[in-house]
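**Student:** Here's my sequence, what's the structure:
(chains A, B and C, ligands or ions: 2)
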Amino acid sequence: MASITLSDVRKVYPGGVEAVRGVSLDIADGEMVVLVGPSGCGKSTLLRMIAGLETISAGTVAIGGRVVNELEPAARDIAMVFQNYALYPHMSVRQNLAYGLKNRGTPAAEIARRIDAAAAILEIAPFLDRRPGQLSGGQRQRVAMGRAIVREPAAFLFDEPLSNLDAKLRVQMRVEIRRLQRSLATTSVYVTHDQLEAMTLADRLVVLNGGRIEQVGTPIELYEKPATSFVAAFIGSPAMNLLPAVRNGEAVTLPGGGKVAAALGPEVATLGIRPEDLVPGRRDDAAFTAELTVAAVELVGAESYVHGTTPEGGELVFRVAGRSAIAPGEGMMVSASAEALHRFGTEGRRLG
Amino acid sequence: MSRVVFPARVLPYLLLSPQIAITAVFFYWPASQALWQSVLREDPFGLKTTFVGLANFRSVLADPNYLQSARVTVVFSVATALLAMAAALWLASAAERVVRGRGLYRTLLIWPYAVAPAVAGMLWLFMFNPAMGTFAYMLRRAGYNWDPLLDPGQAMTMVVVAAAWKQISYNFLFFVAAMQSIPRSLIEAAAIDGAGSTKRFWTIVLPLIAPTTFFLLVVNTVYAFFDTFGIIHAVTGGGPARATETLVYKVYNDGFVHLSLGSSAAQSVILMAIVILLTAIQFRFVERRVHYG
Amino acid sequence: MQENRPLAGLVAHLVLVLGVLIVAFPIWYTFVASTHSLQTILSPPLPLVPGDRFLDNYGEALVGGIGQIGGVGIGRLLFNTAVMATAIAVGKIVISILSAYAIVFFRFPGRMVFFWLIFITLMLPVEVRILPTYKVMVDLGLIDTYTGLTLPLMASATATFLFRQFFLTIPPELVEAARIDGAGPMKFLRDILLPLSKTNIAALFVILFIYGWTQYLWPLLITSDSRMSTIVIALRKMVSFTDADTPWHLVMVVAILAILPPVMVVVLMQRWFVKGLVETEK
Ligand SMILES: Nc1ncnc2c1ncn2[C@@H]1O[C@H](COP(=O)(O)OP(=O)(O)OP(=O)(O)O)[C@@H](O)[C@H]1O
Ligand SMILES: [Mg+2]
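**Tutor:** Numbers count the residues shown, from 1 in each chain, chains lettered A, B, ... in the order given. Ligands and ions are numbered 1, 2, ... in the order given. This is a model prediction of the structure:
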């Protein structure tokens, strides 16, 4: 069990690519931190620097208070779960689990005990003598988890461990990883580009963009108070509506369509409204109203997403519960209350 | 993406050292000697050497015997490659068509791969030699004047057949593999389009196995150039009247029998250039397969 | 695809049977000759079925000792050839695995230089640089030694190239997982890479064993003492088509013995051989 501390960590690849540009982060003992961000933002690079699979160009990584910059992966007391599982294909499941322990000189009886315990938790006992090639994707995923668990490491590192699974299995394994991590209370760093996975797994979320941290916080914090328009757009599905705002003397207008009644302040450059905060119809107390022509209606089960265009050519999405009676081509009004408006400045920073 | 690697300073050099050492001593050293000697001339008693520039190359390339030998090599290589590949292709397309016994046929067809070229040559000569070869006997009984030890054309036929025979197995295995990798659906689509099996072979199968065919063409040419030394040496000794003296055989003969160092070295250098060319062609092909195949 | 054309199938079988006959006939003919007496062989046509001299001929060739090949027993020749084939196959595989491992799994200064130093030798056979190579062998005192017969043939880029191609297909995460599991480079080689290369090694062994067994020019140059000769060279020296004294019935026995071991290796290890040849040589 250990905390992980990153201090101004940077990575420049030999080709000159700056993949990570100064990341500082404290991960508490037993905490599950999820790194999210678009493809190429440096998530894997950061994780692999913690693991010791990439050299650290600048800054320090400490695990359990000990700076590990110069340590081999094996000496860092971490375990990693890979996207493609990276199980040794010529070894049985049992040998796969045992390999890392054997290399550390763990006594055979202890190895057997840990394998049995892990197999019981993960329900892989029936496959212990099979090869990875004889397992389904979900079973392989469990074995990969098992290989990490038996090590009883100071930290688990996950690099998109679920992205090779089908949607249903992914949800199931997600729940399981969460449960497991809670019960083992092992510090974990989890990389994903799936924001839903990130929201449901994380104690704290770290949104990365272009090698820098955009925001760190609990999933709810990030959802309710995104620090930047980037985070606002990244977290939440469907994404937040972001409308460019132009100041015109004292008033602020939205060139993409819609009207604001409330005072937005002079610095605002972007106005954000979550789809669930837009409601059909005109209300007198509304801070925002827009005229829409419905372009498409997506029914996703318990709710529907209505895509509409303003006369000025802007696009807005809003949510309606259940099956909606709205049909494409229909004209309508939508509005939002003042509390629902997220205001971002010219740099994309949140105002207020 | 770049490969994941182990951090180590000395180990990789240690791992490479056996191969590099052997390559340096037995490849680079003699090859540089050949280059060096190819621009020197030694007097007949080996007492004095003089630098002669490209004179050795000029005299080699002007030597009618050398040009004759180059012609022989081309005829021999082309004939061997064509014969070995045509026979193998024919057998492979037949093997594609049979349902039962494919494995057995394969087993029975791959033997010659294991036979040394020199032994292959001797076996064929044994069957066809005028003194007691059964086939020579039969040919003569049929009124044909058969004596490969005296007739240049017959000698060439003899070594070509022996060389091709040995190479059929290899080509067969590659053609079968290539044909098996053609998607069944393509063949079936052609069949639905009304193409008969012969038409399918020419219009679908043959174009699709073209990469393999090209690969085999290079391999067979290289084989005919170099690996057949044993056949020539054991069967005809380059004769009769230099009719089967290939370039490789000539290098050997000039160097070890006639002891003309400069000429042999110049010939070696020319041969190396030919191989490097063939290798470059092959290598490009190999790399392409690796990347896009 | 289901084809309802029995005639086409029959033709295909006929073609294959004909092919098998052509391909196998020289070997059968040799075997038949090795079981007949010298008189039968010298008066063609040779019968198509084995004769009754099998035990006599093979006994004479194997235990009688054959003066015609320089007083060296066939056992010795087979031993030399087996040593040569095995040493070349094993040596090449070991050397190639090590250098391919260095090139694929390490980054170090001069890596590309070494890569090209090795791959330029790809397919450049001894045949093209015979004389200077021979001189080097003489200078090093390697004539008539097993080292001379085998060592120079061990460095071939082909095997290194094949292993490199195979190693490049190993997922990088496997290396990372091993590093996290505490395996250093040599442990990774032993515990993971070698077991994964088993099939390739087996296949390459067959191919290289045959390569070593069928060598001709090299042993011809490197051995002058017939006690160091290989069976192929000895066979060549026994044969003279102009000399009436050639003991053909024994020559045929020697030919069969020269052919049999590599053929057995190919046929018995056929699965690996075919896989190795077709899947890796491209
Ligand atoms: N070995 C490398 N050499 C050079 N550049 C690299 C290397 N690995 C990654 N990069 C670059 O570094 C940046 C970050 O890569 P990284 O793999 O960390 O992204 P990621 O956030 O994990 O993306 P994804 O979600 O696609 O996995 C990218 O621009 C990538 O091209
Ligand atoms: Mg990644």
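
**Student:** neighbours of residue A:263, just the number please.
**Tutor:** Neighbour count for residue A:263, taken as other Cβ atoms under 10 Å in any protein chain shown: 12. C-betas here are computed from N, CA, C, even on glycine.

**Student:** What of residue B:242?
**Tutor:** Counted by other Cβ under 10 Å, the residues lying close to residue B:242 total 16.

**Student:** Which secondary structure state is assigned to the nearest residue to residue C:42 once chain neighbours are set aside?
**Tutor:** Take residue C:42 and drop its neighbours on the chain: the residue closest to it by Cβ to Cβ, 6 or more residues apart in numbering or on different chains is residue B:132, 5.0 Å away. When classified by DSSP: H, G, I helix; E, B strand; the rest coil, residue B:132 comes out as coil.

**Student:** Surely residue B:132 and residue C:39 touch.
**Tutor:** No: under the criterion of Cβ atoms under 8 Å, residue B:132 makes no contact with residue C:39, lying 10.5 Å away.

**Student:** quick one, which of those two is more surrounded?
**Tutor:** More neighbours surround residue B:132 than the other of residue B:132 and residue C:39, with 21 against 8 (other Cβ under 10 Å).

**Student:** list the contacts for the more buried one?
**Tutor:** Neighbouring residues of residue B:132 by Cβ atoms under 8 Å, 6 or more residues apart in numbering or on different chains: C:41-44, C:248.

**Student:** Equivalent analysis for residue C:80, please.
**Tutor:** Here residue C:80 is in contact with C:146, C:149, C:228-231 (Cβ under 8 Å, 6+ apart).

**Student:** ok, now residue A:223?
**Tutor:** With Cβ under 8 Å, 6+ apart, residue A:223 has these contacts: A:199, A:235-236.

**Student:** Next one: the residue nearest to residue C:42, what pLDDT does it get?
**Tutor:** In this model, residue B:132 is scored at 79, pLDDT.

**Student:** sorry, back to before: neighbour-wise, which of the contacts of residue A:223 leads?
**Tutor:** Result: residue A:235 is most packed of these (other Cβ under 10 Å), 23 neighbours.

**Student:** secondary structure class for whichever residue of the stretch 1-150 of chain A sits closest to chain B?
**Tutor:** Using Cβ to the nearest Cβ, the closest approach of the stretch 1-150 of chain A to chain B is made by residue A:53 at 6.9 Å. Assigned by three-state DSSP, the conformation of residue A:53 is coil.

**Student:** Might one say that it is in contact with residue C:179?
**Tutor:** Yes: with contacts counted by Cβ under 8 Å, residue A:53 reaches residue C:179, the gap being 6.9 Å.

**Student:** Tell me the residues that contact both of the two, please.
**Tutor:** residue A:73.

**Student:** quick one: the helices in the stretch 1-150 of chain C?
**Tutor:** C:6-33, C:38-42, C:54-62, C:74-105, C:111-119, C:130-139, C:146-154 (DSSP state H, counting those that start in this stretch).

**Student:** Now the first one: average pLDDT?
**Tutor:** Summarised as a single mean, pLDDT over helix C:6-33 is 85.

**Student:** ok now do the nearest residue to residue A:135 once chain neighbours are set aside, which residues does it touch?
**Tutor:** Closest residue to residue A:135 apart from its sequence neighbours, by Cβ to Cβ, 6+ apart: residue A:127 at 5.9 Å. Applying Cβ under 8 Å, 6+ apart to residue A:127 gives the contacts A:93, A:134-135, A:139, A:143.
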